[in-house]
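Participant: just to be clear, the model below is a prediction. Sequence and coordinates:
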Amino acid sequence: MKKTLYRAALLAALGLTGVTSAQAQSSPSANDLVLGFVNSGNNDFILDLGQIPAGGGVSHMDGTAADMTAFNSVFSSFSGLYVGAVSGKTGGFNSIMISTISPASPASGSAPNSANIANAAGVVLSIPGAGAVGGGSQAIVANNLGYGQSFKELIANGSAAGLSDPNLFGNYIPLQDPLSSMSGNTVTLNLWKDTQTAGGGFTGWVAAGQLSLNLSGSTFVADFTPAPEPATTSLLAGAGMLVVLVRRKIGQKMPKTVPPQKNN
């Protein structure tokens, strides 16, 4: 309790007006997609987008509660800024989701095994400030207090992001950093999910979709596009092969055209 009160008081003393004590201490719900923005500075901006919408097509996620004024007060430019998205679920078949910058895929061999999926998901669910009021909640969290409770300290892998803070997430997924460098005010992230299976197995990274972020205006825009279902992909591929085969068959059955003979 003393630690909670001390942290809230220190955040207030630092002038982090975007953080309430509830935001600073709340954690995301299972399967909430949590965005973290970090740089070499002392504050992170964390935003809970809520759960990924079910169904196909492009879906607008709950980024409307993001205060871009608060965001801009933390980051004066996009130079040196990193963004990452993570999601976790514990209980039943545990799962973990990470982001890579489009079009990259996760590093080979980086998918955590069954035990590490649960451990990594537990780290995600401990991110402070991301679940104060469900989807759309935000927080500015100091990352230099030594508590290991900021996005930078918990999630960022220093080898890729150029950040030296220790992290817990990297203990379970050491070969893959979920943070990517932003080159401007828009970015598209690929989302990948690893899920426990029966008998202690795991699926490995499976494409979940893409998250397109636009921070160019006064409001935060986050659009999710799901990855095609494997069955749909196979069906489309099969349909394409069928078209090729039909064209070949038609070509074989077409009578050869004999040019007319010229009369001498």
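Facilitator: Noted; the coordinates are in hand.
Participant: let me know the pLDDT of the nearest residue to residue 155 once chain neighbours are set aside.
Facilitator: The spatial neighbour of residue 155 that comes closest, neighbours along the chain excluded (Cβ to Cβ, 6 or more residues apart in numbering), is residue 169 at 4.7 Å. Every residue, glycine included, has its C-beta placed from N, CA and C. pLDDT for residue 169: 87.
Participant: check contacts around residue 169.
Facilitator: By Cβ atoms under 8 Å, 6 or more residues apart in numbering, residue 169 lies in contact with 86, 120, 123, 124, 154, 155, 157, 178.
Participant: need the max-distance pair from the residues you listed.
Facilitator: Maximum pairwise distance among the contacts of residue 169 (Cβ to Cβ): 13.9 Å, between 124 and 157.
Participant: what bits of the protein have low per-residue confidence?
Facilitator: 1-26, 62-65, 129-136, 145-148, 157-167, 230-264 (pLDDT under 70).
Participant: mind listing the helices for it?
Facilitator: When secondary structure is read from DSSP state H, the chain shows helices at 2-13, 21-25, 68-74, 114-124, 151-154, 158-161, 169-172, 230-253.
Participant: re the thing from before, buried subset of the contacts of residue 169 as a ChimeraX selection?
Facilitator: In ChimeraX, a selection of the buried entries from the contacts of residue 169 looks like this (16 or more other Cβ atoms under 10 Å):
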select :86,120,123,124,154,155,157,178
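Participant: which of the contacts of residue 169 lies closest to residue 31?
Facilitator: residue 124 (10.0 Å).
Participant: surely residue 56 touches residue 226?
Facilitator: Yes: judged on Cβ atoms under 8 Å, residue 56 makes contact with residue 226 at a distance of 6.0 Å.
Participant: more neighbours: these two, which one.
Facilitator: Neighbour comparison, residue 56 and residue 226: the larger count goes to residue 226, with 18 against 12 (by other Cβ atoms under 10 Å).
Participant: and the gap between the more buried one and residue 40?
Facilitator: 34 Å (Cβ to Cβ, to the nearest Å).
Participant: what's the angle from the longest strand anywhere in the chain to helix 114-124?
Facilitator: Identified as the longest strand of the chain according to DSSP state E is strand 186-197. If you take axes from the mean of the first three to the mean of the last three Cα atoms, to 10 degrees, strand 186-197 sits at 130 degrees to helix 114-124.
Participant: flag every buried residue along strand 186-197.
Facilitator: Buried residues in strand 186-197 (16+ other Cβ under 10 Å): 187, 188, 189, 190, 191, 192, 193, 194, 195, 196.
Participant: what's the closest non-adjacent residue to the fifth one?
Facilitator: Just to be clear, that refers to residue 191. Leaving aside its sequence neighbours, residue 191 sits nearest to residue 208 (Cβ to Cβ, 6+ apart; 4.2 Å).
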